[in-house]
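Peer 1: Predicted model and sequence below, questions to follow.
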Amino acid sequence: MPQPDELYSEIIVLRSGDPQGPHLASGPAAGSGPQSSLGTKAVDYNQPSKGAQPTFPYVAGDVADRDPAAVYWAWFRKGLGVRLRAAAGSCAAKDLDAKFLSEPTVPGLLRTCAEVLGKPLSEAEAAHLSLAPVTAPWLREVLHA
């Protein structure tokens, strides 16, 4: 089954003139819920992601491996590293390795990207991370690959 592309889907909705309103990834409307401010909401980073599930179970490996699962996850790690470095590059925060490695867990990484960098990861990325062995050494390897 094809995986949806979140950005492409939003572009199609906007170009069609469909009055559905903002994409769910845009956040809630202002004043929706207790203690909410404009465009923000309380997020529980410990909840499992409802995003597209990975095609393969997690396997460590390299892009040159013969195992399709190892190649799939190697490309995910490379892509995640590029995404994290790009998000960090657009942020004024200092010592980003320390920020990422201060809480080397899936919820910690999701929280850092959303709250510290202002660049939340997609639901599909969160779903992939929920299967990956996110630890300090793993995250360090992703960041410096």
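Peer 2: Great, that's in hand. From a predicted model like this one, the values you see are computed outputs, not experimental measurements.

Peer 1: my guess is residue 142 contacts residue 83, does it?
Peer 2: No: applying Cβ atoms under 8 Å, one finds residue 142 not in contact with residue 83, separated by 9.7 Å. Just so you know, the C-beta spots here come from the backbone N, C-alpha and C atoms, and that holds for glycine as well.

Peer 1: between the two, who's got more neighbours?
Peer 2: A side-by-side neighbour count of residue 142 and residue 83, using other Cβ atoms under 10 Å, places residue 142 first with 22 against 16.

Peer 1: so where's this structure uncertain?
Peer 2: Under the criterion pLDDT under 70, the flagged ranges of the chain are 1-14, 17-51, 90-96.

Peer 1: max-length helix in it?
Peer 2: Of all the segments of type helix in the chain, defined by DSSP state H, the longest one is helix 68-89.

Peer 1: For this protein, which segments count as strands?
Peer 2: Assigned by DSSP state E, the chain shows no strands.

Peer 1: how about the longest helix of the chain: buried residues?
Peer 2: Using 16 or more other Cβ atoms under 10 Å as the test for burial, helix 68-89 gives 69-74, 76-77, 80-81, 83-84, 87-88.

Peer 1: go on, stretch 53-64?
Peer 2: Quick answer for stretch 53-64 (16+ other Cβ under 10 Å): 54, 58, 61.

Peer 1: Just the terminal-to-terminal distance for it.
Peer 2: 23 Å (Cα to Cα, to the nearest Å).

Peer 1: same question, stretch 101-111
Peer 2: 12 Å.

Peer 1: Same check on stretch 131-145?
Peer 2: First residue to last in stretch 131-145 (Cα to Cα) measures 20 Å.

Peer 1: Which member of the buried residues of helix 68-89 is positioned nearest residue 124?
Peer 2: residue 76 (10.0 Å; Cβ to Cβ).

Peer 1: for the closest one, what are its contacts?
Peer 2: 54, 128, 132 (Cβ atoms under 8 Å, 6 or more residues apart in numbering).
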